[in-house]
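*Asks:* Let me see the structure of the following:
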Amino acid sequence: MTVRAANDADWPVVSAALLAGGAGLALIGLGSLAAPLAETWTMFVAARMIEASGLPFIVAAMPAIIQSHSAGPCRVLAMGLWSTWLPLGVAAAMALSLVTLDSIGWRGLFLICGMLPWLGFPALWLLVASRPQAEPARLSARPVTHIRPNRYYRAIRVAI
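*Replies:* Residues are numbered from 1 along each chain as shown. Modelled structure (predicted):
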């Protein structure tokens with residue numbers, strides 16, 4: 001398993017992705033914690049909108065972080081694991097609701113699910129605090145003209 005250090009050229013993108021990822025986690029956590037405290041339907045919908053507004057930050061930011069901190073087969077594995085977070089989260093919440101809904105109610109379930117995004121902050125902090133030294137850039141000696149379009153590019157080109 002190979003972990004690649006984000007080089008200095010990548011770091012502005014990575015730090016912006018870390019900031020966006022943290023903002024997304026915070027919005028999801030705040031919205032999930034505010035929803036069970038809502039006393040009216042309008043307050044509940046507003047809390048859910050806050051929660052939903054954090055999702056695009058997470059979806060856009062985290063792949064950039066994964067790409068900058070992994071290489072080769074490790075990157076493929078990391079992106080594969082990343083692609084499972086939403087279906088696994090939904091499945092876990094549904095399974096948890098079957099077991100706990102009668103005892104803690106929907107508000108308790110929201111509170112439990114609202115605490116989970118806050119667990120991502122230590123991981124983000126570790127990424128920022130333990131930023132490895134940048135590796136020297138490796139330049140390819142092959143000119144760009146040697147890159148050949150793949151069959152999908154040719155099929156699209158023929159179709160147009």
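
*Asks:* Distance from the lengthiest helix in the chain to the middle of the chain?
*Replies:* The single longest helix within the chain, with elements called by DSSP state H, is helix 85-115. Computed by Cα atoms, centre = their mean, to the nearest Å, the separation of helix 85-115 from the middle of its chain amounts to 20 Å.

*Asks:* Show me where this structure has its helices.
*Replies:* Using DSSP H, helices in the chain cover 11-34, 41-68, 72-82, 85-115, 120-129, 151-159.

*Asks:* what about the residue nearest the centre of the chain, distance to Leu119?
*Replies:* Closest residue to the average C-alpha location of the chain: Met62 at 3.5 Å, with Cα atoms, centre = their mean. Counting by Cβ to Cβ, to the nearest Å, the separation of Met62 from Leu119 is 14 Å. Heads up, the C-betas are built off the backbone N, CA and C, glycines and all.

*Asks:* same question, Gly54
*Replies:* If you go by Cβ to Cβ, the gap between Gly54 and Leu119 works out to 15 Å.

*Asks:* okay, these two: which has more neighbours?
*Replies:* Of the pair Gly54 and Leu119, Gly54 is the one with more neighbours under other Cβ atoms under 10 Å, namely 22 against 10.

*Asks:* Pretty sure Gly24 is one of the things the more buried one touches, is it not?
*Replies:* Yes: Gly54 is within contact range of Gly24, at 4.2 Å (criterion: Cβ atoms under 8 Å).

*Asks:* picking that back up, comparing the helices of the chain by mean pLDDT, which bottoms out?
*Replies:* Of all the helices of the chain, helix 151-159 carries the lowest average pLDDT, namely a mean of 53.

*Asks:* need the contact list for the spatially closest residue to Ala20 that is not a sequence neighbour.
*Replies:* Distance criterion Cβ to Cβ, 6 or more residues apart in numbering; nearest residue to Ala20, sequence neighbours excluded, is Ala61 at 3.9 Å. Going by Cβ atoms under 8 Å, 6 or more residues apart in numbering, Ala61 touches 16-18, 20-21, 24.
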